[in-house]
Each structure stands twice: as C-alpha cells, then as structure tokens.
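Enquirer: Pasting the sequence and the predicted model now:
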Amino acid sequence: VRLAELALWDGNYALALLNYQVLVDGDIMQRSYWKGYLSAAVGMSNLSREQKATVLAIENEAGRQKYSDAAFKALLASVMQNMGEKEKAMTLLTEALKLDPTRRSSRMQLADLLSDMGDFEEADRHYQMLLD
C-alpha cells in the first residue's frame, strides 16, 4: 500500500496504478484501495482494457455495497468521463451532488459535462447555481 501511495503522491500515476492494480486484484471489496486506484487512474491519459475493467468492477462493487461518499462518486465520475462513459459520469455527479449539494467542483464538472453533451439549458442551470 505504501508503494502505491508514495507513487501517487509523487505524481507517478503509472506506477501508482500498477501497485494499486495488484492490491485491488487481491481484494476488490477493500474500499480503502478504491480512491487510490481511481486517483491514479484519473491522472492517466489512457487506461488499458484491464484498468478500465477494474474501474467498472469498482463501480459495480460500490453500487452493490451502496457506498455513498460524494467525493468517491465525483472521483469515479472523472475517471468515467475520461473513459468516454459520459452518461455514467453524469449519473455519478448527480448522485454526488445529492449527497453533498455544496460540492462546487462536482457542480462545475456536471455543468461542463452537460454543456459538452449539448444540454445547454440544464448546464446553464448548474452554472447559475455556482454564481448564486
């Protein structure tokens, strides 16, 4: 765990992801590995098929466990968005905001995502909420 954390703190996302991959593969149900794995994944420009599968497995396990942590959902949304899973990212950001409506970074990310997807009216509503 320490090697993965040190690599992440050092900004070596590839090495951190490699180390977290071993940990997550050993015990996907261990929540303490999820944020580290996702933090490393969000720092990567491209994920391998195995890494994408792990992200989806983490999403599935978090849903199965009914894990309700706004920061986790926002981080997972960022990784999903990077993977091109915009609908999943939008759902996760909406869930994050239901858990914590004061998360300005999540609201901005959701507004940007909605704008990218062409839903300008809904995006504008979220941008307005940020200005209020």
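Expert: Cool, the structure landed. Numbering: from 1, shown residues only.

Enquirer: Show me the shaky parts of this protein.
Expert: Residues of the chain meeting the criterion pLDDT under 70: none.

Enquirer: Counting residues, which helix of it comes out longest?
Expert: Taking DSSP state H as the criterion, the chain has its longest helix at helix 49-64.

Enquirer: tell me what that helix is packed against?
Expert: Judged by 3 or more CB pairs under 8 Å, 6 or more residues apart in numbering; DSSP states H and E, helix 49-64 is in contact with helix 13-26, helix 31-42, helix 70-82. (Each C-beta comes from the backbone N, C-alpha and C, glycine too.)

Enquirer: Which residues outside the shortest one are in contact with it?
Expert: Residues outside helix 31-42 that contact it (CB atoms under 8 Å, 6 or more residues apart in numbering): 1, 4-5, 7-8, 13, 16-17, 20-21, 23-24, 27, 47, 51, 54-55, 58, 62, 65, 67, 71-72, 75-76, 78-79, 82.

Enquirer: Select only the buried ones of those in PyMOL?
Expert: Those of those that count as buried under 16 or more other CB atoms under 10 Å are selected in PyMOL with:
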select buried, resi 4+7+8+13+16+17+20+21+23+24+47+51+54+55+58+62+72+75+76+78+79+82
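
Enquirer: circling back to that earlier point, kindly calculate the angle that the longest helix of the chain makes with helix 31-42.
Expert: Angle of helix 49-64 versus helix 31-42, following axes from the mean of the first three to the mean of the last three CA atoms, to 10 degrees, is 140 degrees.

Enquirer: that older thread, now the helices and strands packed on helix 49-64 in TSV, with distance to E122?
Expert: Below are the helices and strands packed on helix 49-64 laid out as TSV (distance: least, CB to CB, whole Å):
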stretch	distance to E122
helix 13-26	32
helix 31-42	24
helix 70-82	16
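
Enquirer: quick one, which of these is nearest to D116?
Expert: The minimum distance between D116 and the helices and strands packed on helix 49-64 falls on helix 70-82, with 9.0 Å, by CB to CB.
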